[in-house]
Structures are given as structure tokens and as C-alpha cells.
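Participant: build me a model:
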Amino acid sequence: MSSETQPHYEIDSIDRRILNILLANARTPFLEIARSLNVSGGTVHQRVDKLKEAGVITGSTLKINCERIGLGVTVLLGIHLHQAQRIDETIQAFKSLPEIVEAYYTTGNYALFIKVHVSSIKAYHRFLIERLQTIDAIRFTESFICLDVPIQRSVNLGHQKLY
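Facilitator: Okay, here's the model as predicted:
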């Protein structure tokens, strides 16, 4: 079932608190979470399992400082296609380009928006002309070089009602 047709999963205050702890550190042991919430370890385990089954939790990630491993240039690209029907073919081509770390279908001026990590501006230039712009379905691209990332965070679960 696609996410469009799945019913929303209602989380309560304990679920919200578990999710906030895991968002801060996905490796937090369940017993540590249980102690901080004054519930049993089994309760945390069951709730996390239910959140996974409901598709609320879809994995856990490790954050890497790209600059520290030699990928200090991040570029966002707006992509215009020759024909909208070629979007699936374009996405398939993107999957073979490891520099592309995110891709979004969008509204507005671009059919797609992608995020790329490369080592330098020269490496980006090579990627752009030798790899990306050789994809036949792409009409043209517009690049936005990231100077800084002043805000980078997960979703804020706060205390608002989540549907």
C-alpha cells in the first residue's frame, strides 16, 4: 500500500517521547529509554516494533561529515526534462550516479531536484558535463552551490497533534 493510501498512525505522548530520544541518538538502548520514561523495557520494545510495522520508523541512519571524507562541495540541482513521461527513466539513471544522494519530484520550475556531494568545484564540473548532462531525458539543469548548512535537523515532534 502506498503512503498516500495508508491511514495515518496516531502516536501518543510516550511514542512521541520515544521517537524524540531515537531522533537524537538512534543507538540509544531501549532500557535507557525505558528508564528515562519510567516504563518497562518491554514497553519500549513493543512500541518501537509497532512504530516500525506502521511505517512511522523506516530505518535508522548514521550521519557522516562529508567534508571530513573529502566531499566538501554540496550542490542542489533543478532538473528540467524534455518530456515529463521520462521521469522514471531519469530516476533509474540517477541510481547509477553515487554523487547523487537525494532526489525529489517537485512542483514549480523543475521536474526534479537533486542533491550532490563531490570533492571540488572541478569534480562537480566533470560530473555535470560528463555524467549528468549526458542523460538523454535531461533538457537542462540549474545548479545551486551550497555555501553552508545553517539548519540541519530531523522533524520536530514537539507536542503538536500528529495525524
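
Participant: low-scoring stretches of the protein, by residue?
Facilitator: For the chain, the stretches flagged by pLDDT under 70 are 1-6, 159-163.

Participant: domain parsing of it, as residue ranges.
Facilitator: 13-53, 66-145 (automatic domain parsing).

Participant: distance between the ends of the last one?
Facilitator: From its first residue to its last, domain 66-145 covers 15 Å (CA to CA, to the nearest Å).

Participant: which residue is the nearest non-sequential neighbour of the residue nearest in space to the middle of the chain?
Facilitator: Closest residue to the average C-alpha location of the chain: residue 102 at 6.5 Å, with CA atoms, centre = their mean. Distance criterion CB to CB, 6 or more residues apart in numbering; nearest residue to residue 102, sequence neighbours excluded, is residue 115 at 4.1 Å. (Glycine included, C-beta is placed from N, CA and C.)

Participant: check which helix or strand covers that neighbour.
Facilitator: For residue 115, the element it lies in under DSSP states H and E is strand 112-118.

Participant: now the strands for the protein?
Facilitator: Taking DSSP state E, the strands of the chain run over residues 73-81, 100-105, 112-118, 138-145.

Participant: any idea which of those strands is most buried?
Facilitator: Of these, the one with the most neighbours on average (mean count of other CB atoms under 10 Å) is strand 112-118, at a mean of 20.

Participant: by contact count, what packs against that one?
Facilitator: For strand 112-118, the packing partners by 3 or more CB pairs under 8 Å, 6 or more residues apart in numbering; DSSP states H and E come out as strand 73-81, helix 87-94, strand 100-105.
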